[in-house]
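Novice: One predicted model, sequence on top.
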Amino acid sequence: MIHQVKFPNLPELLLERSRTSTAELGFLHADGNIFKTQTYAQLFADAQVVAQRLVSAGLRTDGTDIVVTSFTDHQNHILTFWACCLGARRAFLHLSPC
């Protein structure tokens, strides 16, 4: 039997993983190869910094703002997604740079 832990929201999920997991996330280069790895703890810390920057730049924390991004790399896409979840309690729309 698989034990499933439920989290009330995505920030709580990332916080829990940052505290309990030593797994590393792999970020993909455009050619499909992993070019960098990062632990959940590192991702959480980095996302908190970016979230604070977004809020300082005027992003509302009530979830009413929508953040639209376009990155050519996987790492910035994932980092900004989590920063939006942490800072504004809302995700964002990612536009393909193609």
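Specialist: Received, thanks.
Novice: Skip the chain neighbours and tell me the closest residue to the residue nearest the centre of the chain.
Specialist: Centroid-nearest residue in the chain, with C-alpha atoms, centre = their mean: Trp82, separated by 2.1 Å. Counting by C-beta to C-beta, 6 or more residues apart in numbering, Trp82 lies nearest to Ala47, which is 3.8 Å off, once chain neighbours are set aside. Quick note: C-beta positions are derived from backbone N, CA and C, even for glycine.
Novice: same thing with Thr22?
Specialist: That would be Thr39: by C-beta to C-beta, 6+ apart, it lies 6.6 Å from Thr22.
Novice: Equivalent analysis for Ser21, please.
Specialist: Ser21 sits nearest to Tyr40 (C-beta to C-beta, 6+ apart), 4.9 Å away.
Novice: same check, this time on Gln48
Specialist: Leu86 (6.0 Å).
Novice: per-residue pLDDT, that neighbour?
Specialist: You'll see Leu86 listed with a pLDDT of 87.
Novice: Pretty sure Met30 sits in a strand.
Specialist: If you look again at residue 30, you'll see it is Ala, not Met. No: counting by DSSP: H, G, I helix; E, B strand; the rest coil, Ala30 falls outside a strand, being coil.
Novice: can you pull the contacts of it?
Specialist: Thr72, Asp73 (C-beta atoms under 8 Å, 6 or more residues apart in numbering).
Novice: distance of it from Asp62?
Specialist: 36 Å (C-beta to C-beta, to the nearest Å).
Novice: And Gly26, by the same measure?
Specialist: Counting by C-beta to C-beta, the gap from Gly26 to Asp62 is 34 Å.
Novice: Show me where the chain has its helices.
Specialist: Applying DSSP state H to the chain gives helices spanning 10-20, 40-56, 74-88.
Novice: any chance of those helices in TSV, with distance to Val68 too?
Specialist: Output for those, formatted as TSV (distance: least, C-beta to C-beta, whole Å):
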stretch	distance to Val68
helix 10-20	19
helix 40-56	13
helix 74-88	10
